[in-house]
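Sequence and predicted structure below; questions after.
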Amino acid sequence: MPNPEPAPSLSATPGGSEDHDLAPSRLLLVRHGESTWNVVGRIQGQLDPPLTAHGREQALELAARLRGHRLAAFYCSDLTRARQTAAALASAVGMEPVPLAGLREIGLGAWEGKTAEEVCRDFPAEFQAWRQERSWDLIPAGEGACAFERRVIATLRQILERHPSGDVLCVTHGGVIQVALLAVVGRRSVGFFPFAIDNGSLSIIHRANGRSRITVVNDTCHLFGAT
């Protein structure tokens, strides 16, 4: 049996130069605001529903929290729900977001656009297997766990290498943030996301001297006015 693929890492490449990591950098990872499909329980993946009015309010609440915060860079997923969230933050941080396809949510193939009930009806065997042992690799025409992890970690590492110091804001998706956090603790996602990552929440990964650590997870204190 082949060895399983090792967990991805956000740390510096072993044996590589870490001089550029001596100054600390932070990834400020924001999950997009509530979307229309979040409300009705449709699987989004890489399909493109917009924010609800409540989701836009969540983005404005976060903008108030981040107002005047100095950033080294500002990126977002190129999907509508992330771009709309990022657009609400732009004036507050004084910077326009750069959209990146690498920050998209995991591709969930044939299950995208469906509710759990519709997946159970249309894909009974796969859904039963999913319920017994969750794995992204069970989803027909999906991106798959390893490909998703490789994409996300490669994108985040490129961002960190491009901006070796300062705060970098990334507006993205729950699955992307889960993979980033799991990479810091040395675990793979496979098909289970152990962290609560709410719409409009903020999570922070701090990196210094080639090492990463999680300092904030799912901070929603700015959303008290948007409940």
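On my side now, so go ahead. Numbering: from 1, shown residues only.

When you work out contacts or count neighbours from here on, use the C-alpha atoms and nothing else.
OK.

isn't residue 164 right up against residue 25?
Yes: Residue 164 is in contact with residue 25 according to CA atoms under 8 Å; the separation is 5.9 Å.

helix or strand right after the top helix by length along the chain?
Determined from DSSP state H, the single longest helix within the chain is helix 145-162. The helix or strand immediately downstream of helix 145-162 is strand 166-172, counting by DSSP states H and E.

Now do that following strand and helix 145-162, the angle between them.
150 degrees (axes from the mean of the first three to the mean of the last three CA atoms, to 10 degrees).

So what's the model's average confidence on whichever helix or strand comes after strand 166-172?
Note on strand 166-172: by DSSP H and E, the next helix or strand toward the C-terminus is helix 174-185. Per-residue pLDDT values over helix 174-185 give a mean of 96.

Name the residues of helix 174-185 that are buried.
Judged by neighbour count using 16 or more other CA atoms under 10 Å, the buried positions of helix 174-185 are 174, 175, 176, 177, 178, 179, 180, 181, 182, 183, 184.

distance between that helix and the chain's centre?
Averaged C-alpha coordinates place helix 174-185 at 7 Å from its chain's average position (CA atoms, centre = their mean, to the nearest Å).

Which residues does it contact?
Applying CA atoms under 8 Å, 6 or more residues apart in numbering, the external contacts of helix 174-185 come out as 7-11, 29, 31, 103-106, 149, 152-153, 188-189, 193-195, 197-198, 203, 205, 212-214.

what comes into contact with the longest helix of the chain?
Residues contacting helix 145-162 (CA under 8 Å, 6+ apart): 5, 8-10, 20, 25, 102-103, 106-107, 135-137, 176, 179-180, 183, 189-191.

Which of those residues are buried? Put it as a ChimeraX command.
When burial is assessed using 16+ other CA under 10 Å, the buried subset of the contacts of helix 145-162 is captured in ChimeraX by this command:
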select :8,9,10,20,25,102,103,106,107,135,136,137,176,179,180,183,189,190,191
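
Mind checking which of the contacts of helix 145-162 are in strands?
Here DSSP state E is the test, and the contacts of helix 145-162 give residue 25 as lying in strands.

lowest-confidence helix or strand of the chain?
The helix or strand of the chain with the poorest confidence is helix 124-132; it has a mean of 92 (mean pLDDT, DSSP states H and E).

and that one, which residues are buried?
127, 130.

Show me where this structure has its helices.
36-40, 53-66, 80-93, 116-122, 124-132, 145-162, 174-185.

Tell me which of these lies nearest to residue 73.
helix 145-162 (8.8 Å; CA to CA).

relative orientation of the closest one and helix 174-185 in degrees?
Angle of helix 145-162 versus helix 174-185, following the same axes, to 10 degrees, is 70 degrees.

Now helix 145-162: average pLDDT?
95.

mind saving the C-alpha coords of that helix as CSV?
C-alpha atoms of helix 145-162 as CSV (Å, rounded to 0.1, in the frame of the first residue of the first chain):
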residue,chain,number,x,y,z
ALA,A,145,-8.9,16.4,-1.2
CYS,A,146,-5.3,16.4,-2.3
ALA,A,147,-5.8,18.7,-5.3
PHE,A,148,-7.7,21.2,-3.1
GLU,A,149,-5.0,21.2,-0.4
ARG,A,150,-2.2,21.6,-2.9
ARG,A,151,-3.9,24.5,-4.6
VAL,A,152,-4.7,26.3,-1.4
ILE,A,153,-1.4,25.9,0.3
ALA,A,154,0.5,26.7,-2.9
THR,A,155,-1.5,30.0,-3.2
LEU,A,156,-1.0,31.0,0.4
ARG,A,157,2.7,30.2,0.3
GLN,A,158,3.1,32.3,-2.8
ILE,A,159,1.3,35.2,-1.0
LEU,A,160,3.6,34.8,2.1
GLU,A,161,6.7,34.7,-0.1
ARG,A,162,5.5,37.8,-2.0
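
Good, we can wrap up now.
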